[in-house]
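K.L.:
only geometry, no sequence info:
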């Protein structure tokens, strides 16, 4: 079975604080893809990053960074110096190759509130 | 290049009525997906098209749901005899074969069944 767990339902931080959103996944596939999406109040899912199972290199993009660790089946997302505009629901998703559809399995999301 | 578009953005209907939603994927994207998202949950996969062929349907897609993608371009999702439990956000996404399997999502259609 494939599963994504985002244990943090809601996080509140004060602007300029760093915050880490956790994502733990389960899959038996050896080839899979992991994603993070941002969903602002407007509802549209905005793509942030993808990782394939063979690339454990961490990535930094501006204030965003991602830590992929296969040993713990985790793909965590850190926002440095958070801003009010970062307030949104963030989803982690898994796409495995077994079925050929590459459909996503989403976690339940983490609502981030950044307070001014 | 325009993104994925969906129409309508909002739909209010009475129980028992039929509704139809439209999704226009990014041009040249040959894969198209429908997801359903209920309040406080992540999106759940409903169905998938590669070009005009519907290749997979979730168990969530009851007999009252039907999706089409004629000519491999836009897609429609129809719900017949709507029930209050159908109230949700319906999201469409598209992707390009070979492009790292990344899906790009539309703004969604929010359905409320009274």
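P.N.:
It's in. It should be emphasised that the depicted structure is a prediction, and the values quoted were computed from it without experimental measurement.
K.L.:
alpha carbons only for contacts and neighbour counts from here, please
P.N.:
Will do.
K.L.:
Quick one: the strands in chain B, in order.
P.N.:
Under the criterion DSSP state E, strands of chain B are mapped to B:5-7, B:10-13, B:19-24, B:31-37, B:44-50, B:53-57, B:65-68, B:75-79, B:88-95, B:104-105, B:109-113.
K.L.:
I figured residue A:26 hits residue A:71, correct?
P.N.:
No - with contact defined as Cα atoms under 8 Å, residue A:26 does not reach residue A:71; the gap is 11.6 Å.
K.L.:
of these two, who's got more company?
P.N.:
Legend: neighbour count by other Cα atoms under 10 Å in any protein chain shown for residue A:26 and residue A:71, higher for residue A:26 (13 against 6).
K.L.:
Residue A:2 versus that one, what's the distance?
P.N.:
According to Cα to Cα, to the nearest Å, residue A:26 stands 5 Å off from residue A:2.
K.L.:
before we move on, what about residue B:19?
P.N.:
Per Cα to Cα, residue B:19 is found 32 Å from residue A:2.
K.L.:
between the two, which one's more packed in?
P.N.:
residue B:19 (17 against 14).
K.L.:
Show me what that one is bridged to.
P.N.:
Beta-bridge partners of residue B:19, counted by DSSP bridges, are residue B:79.
K.L.:
Enumerate the residues of chain A near chain B.
P.N.:
When proximity is defined as Cα under 8 Å from any Cα of the partner chain, chain A approaches chain B at A:33, A:42-47, A:50, A:91, A:101-109.
K.L.:
filter these to the buried ones?
P.N.:
The neighbour count (16 or more other Cα atoms under 10 Å in any protein chain shown) marks A:33, A:43-47, A:50, A:91, A:101-109 as buried among these.
K.L.:
Which strands and helices lie in contact with the helix or strand bottoming out on mean pLDDT in chain A?
P.N.:
Within chain A, no helix or strand scores below strand A:59-61, which has a mean of 86 by mean pLDDT, DSSP states H and E. For strand A:59-61, the packing partners by 3 or more Cα pairs under 8 Å, 6 or more residues apart in numbering or on different chains; DSSP states H and E come out as strand A:64-69.
K.L.:
From the chain's centroid, how far away is the strand it packs on?
P.N.:
For strand A:64-69, the separation from the chain centroid amounts to 9 Å (computed by Cα atoms, centre = their mean, to the nearest Å).
K.L.:
What strands line up against it, and which way round?
P.N.:
Partners of strand A:64-69, by DSSP bridges, with direction: strand A:59-61 (antiparallel), strand A:74-79 (antiparallel).
K.L.:
nearest residue to residue A:77 other than its sequence neighbours?
P.N.:
Setting aside the residues directly before and after it, residue A:77 is nearest to residue A:66 in space (Cα to Cα, 6 or more residues apart in numbering or on different chains), at 4.6 Å.
K.L.:
Quick one: the strands in chain A, in order.
P.N.:
A:3-5, A:10-14, A:19-21, A:24-26, A:32-39, A:46-52, A:59-61, A:64-69, A:74-79, A:88-96, A:104-106, A:110-115.
K.L.:
Could you list the residues of chain B in contact with chain A?
P.N.:
B:33, B:40-45, B:48, B:55-56, B:101-108.
K.L.:
And the nearest residue to residue B:109 once chain neighbours are set aside, how close does it get to residue A:26?
P.N.:
Counting by Cα to Cα, 6+ apart, residue B:9 is the residue found nearest to residue B:109 once chain neighbours are left out, at 4.4 Å. According to Cα to Cα, residue B:9 stands 34 Å off from residue A:26.
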